[in-house]
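>>> Kindly return the folded structure for what I paste below:
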Amino acid sequence: MEMPLKKLAQQLGERLGARGMLVATAESCTGGWVAKVITDIAGSSLWFDRGFVTYSNQAKQEMLGVSGEILATEGAVSEATVVEMARGALRNSQASVAVSLSGIAGPGGGSPEKPVGTVWIAVASAGQMAAKRYQFDGDRDAVRAATLHSALEMLLDLVRRKFIVNQDE
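Residues are numbered from 1 along each chain as shown. The predicted structure is shown next:
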């Protein structure tokens, strides 16, 4: 059973807040929705540093330092791009962990190699990086909602693995 978004965000906040750590987001296809869900939690200012909404390639380059060469050769929806977005979010914030995502929510914009519903998500902290490709079904809202849920799950998983305090957590 899928955990509700609010519960995911609350768990993330509890773990980060207990350690005095901050998170940053770098979002493309979700347009800031991850940051919105996080900041819906009362007290999130203690553990949420900032969010970057980098919908355009120019914004990805200017705000996060994504290479123009990577965007030209790999595209905005690629592992290389979300990895650079996550690194840029860490570099341009006070955050200890970051999540980045880029995808094709539709209804247009897909290709045979990257059909509508293709999304890349990366999570990062000092010395750790994980990126994953997803293929979501449904309309634009469904793809974006699935992306949001997966981004929060990946971020929570990173925090659990990297910063585990005890076996009960």
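>>> tell me the secondary structure for A122?
Per DSSP: H, G, I helix; E, B strand; the rest coil, the local secondary structure of A122 is strand.
>>> Roughly how far does the closest residue to V53 other than its chain neighbours sit from A59?
Counting by CB to CB, 6 or more residues apart in numbering, G32 is the residue found nearest to V53 once chain neighbours are left out, at 4.5 Å. Heads up, the C-betas are built off the backbone N, CA and C, glycines and all. Taken as CB to CB, to the nearest Å, the spacing of G32 relative to A59 amounts to 12 Å.
>>> Need the overlap of contacts for the two.
Residues touching both G32 and A59 (CB atoms under 8 Å, 6 or more residues apart in numbering): V53.
>>> The residue nearest to V53 is in contact with T54, isn't it?
No: judged on CB atoms under 8 Å, G32 makes no contact with T54 at a distance of 10.1 Å.
>>> So these two - more neighbours on which side?
T54 (24 against 15; other CB atoms under 10 Å).
>>> give the contact list for the more buried one.
Contacts of T54 by CB under 8 Å, 6+ apart are 26-28, 60, 63-64, 66, 85.
>>> mind redoing it with 6 Å?
Taking CB atoms under 6 Å, 6 or more residues apart in numbering as the criterion, T54 is in contact with 28, 60, 63-64.
>>> quick one: low-confidence ranges for this structure?
1, 162-169 (pLDDT under 70).
>>> How many neighbouring residues does E113 have?
A total of 8 residues lie near E113 under the criterion other CB under 10 Å.
>>> Help me confirm that it is found in a helix?
No: going by three-state DSSP, the assignment for E113 is coil, not a helix.
>>> Of the contacts of T54, which is the nearest to A145?
Each of these was scored against A145 by CB to CB, and S28 proved nearest at 15.3 Å.
>>> Quickly note the distance from the nearest residue to V99 once chain neighbours are set aside to L5.
Nearest non-adjacent residue to V99, counting by CB to CB, 6+ apart: L155, 4.6 Å away. For L155, the distance to L5 equals 12 Å [CB to CB].
>>> Could you check which of these two is surrounded by more residues?
Neighbours of L155 and L5, each counted by other CB under 10 Å, are more numerous for L155; the result is 26 against 18.
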